[in-house]
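S.K.: Generate a structure from the sequence data that follows.
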Amino acid sequence: MMDKIYILEHGILEQYVLGELNLSEHQQVEVALLDYPELRERLEEIELGFENLAFENAIDVSSSVKEELFISISRNQTNRLPLTSKKSNRSYFAIAASIGVLLLLGSLYMYSELNSVKNDLKIVNEENMNLNNHIDELSLSLEETNKWYETINDPETEKYVLRGNDLMPDATVISYVNDSKKTVVINTKQLPELDEQHDYQMWADVDGVMINMGIIDRSKEMLAMNYINNAESLNITIEPLGGSDHPNVSQLVTNIYLK
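M.R.: Numbers count the residues shown, from 1 in each chain. Next up is the predicted model:
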């Protein structure tokens, strides 16, 4: 037989309210409640706590859930000795509170799952965006490659090989000039790397005046430069980072005269 101390120390009243005791334990608690007024007071406090919890976390439920709830209440009440009408009413609230807590936990779980799905969807969208950007880059690269191919294979395109001088003997730049289409394309594959403080810059000589054709972007192997009318020669110099308004002729690394 359960005594008062055992019931209080092992949370038996809470299990009693939630209907978690077997028939024998249930009956022992009923007997103890009749013998110990302090147990009845404690039971009322527990039921009141569940009642408040039910109101704080009230959730609308479907009619089917309500029906199951009342069936459960009816079954639970048949196994209990009637103490007071007040305790009986609170038992209803206690059971409702337990179901409300379960529904609340279920809602929290669904909310967590929804956030997880949203995060997964965000990752997929970012990956799709990156993939689309990569496809766009490949399309531009293919379009640019086709343009270089057409320029190089145009019968009116002239090919010029600019070889390095004593300042940079390993330098070689292949230039494709099409006067009818006014295009200049160069291949910089064999142009040596420079330090971070300098750039290669290309110039066209027109009647003894050097005209800027643009800075050579070493990140690209094939590169379109500015076409200059009536150019007599092509020249490449080493200039400070960002280029210069006038060429540093002492840093001329290669040049070639045009036909």
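
S.K.: which residues in the protein form helices?
M.R.: Along the chain, counting by DSSP state H, helices occupy 4-9, 12-18, 23-35, 37-56, 63-78, 85-153.

S.K.: Okay, buried residues for the second one please.
M.R.: Which is helix 12-18. Neighbour-count burial for helix 12-18, counted by 16 or more other C-beta atoms under 10 Å, picks out 12-14, 16-17. The way it works is simple: take the backbone N, C-alpha and C, and place the C-beta from them, glycine included.

S.K.: give me the low-pLDDT residue ranges for this protein?
M.R.: Within the chain, the stretches with pLDDT under 70 are 50-115, 117-118, 134, 136-145.

S.K.: measure stretch 147-159 end to end?
M.R.: 16 Å (C-alpha to C-alpha, to the nearest Å).

S.K.: If you count neighbours, what's buried in it?
M.R.: Buried residues in stretch 147-159 (16+ other C-beta under 10 Å): 148, 151, 157.

S.K.: Tell me the one of the buried residues of helix 12-18 nearest L167?
M.R.: E14 (91.5 Å; C-beta to C-beta).

S.K.: how near is the closest one to L43?
M.R.: 9 Å (C-beta to C-beta, to the nearest Å).

S.K.: ok, back up a step: in a markdown table, list the buried residues of helix 12-18 along with distance to L131.
M.R.: Shown next, in a markdown table, are these (distance: C-beta to C-beta, whole Å):
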| residue | distance to L131 |
| --- | --- |
| I12 | 61 |
| L13 | 61 |
| E14 | 55 |
| Y16 | 60 |
| V17 | 57 |
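
S.K.: Burial check on the nearest residue to E156 once chain neighbours are set aside, number of neighbours?
M.R.: Nearest non-adjacent residue to E156, counting by C-beta to C-beta, 6 or more residues apart in numbering: S180, 4.9 Å away. Residues near S180, counting by other C-beta atoms under 10 Å, number 9.

S.K.: From T151, how far off is S180?
M.R.: 11 Å.

S.K.: still on that earlier bit, for W203, see how far away the residue nearest to E156 is.
M.R.: 22 Å.

S.K.: How about D195?
M.R.: Taken as C-beta to C-beta, the span from D195 to W203 is 21 Å.

S.K.: More neighbours: these two, which one.
M.R.: Neighbours were counted for D195 and for W203 using other C-beta under 10 Å; W203 has more, 26 against 7.

S.K.: For stretch 164-176, buried residues please.
M.R.: 164, 168, 171-176.
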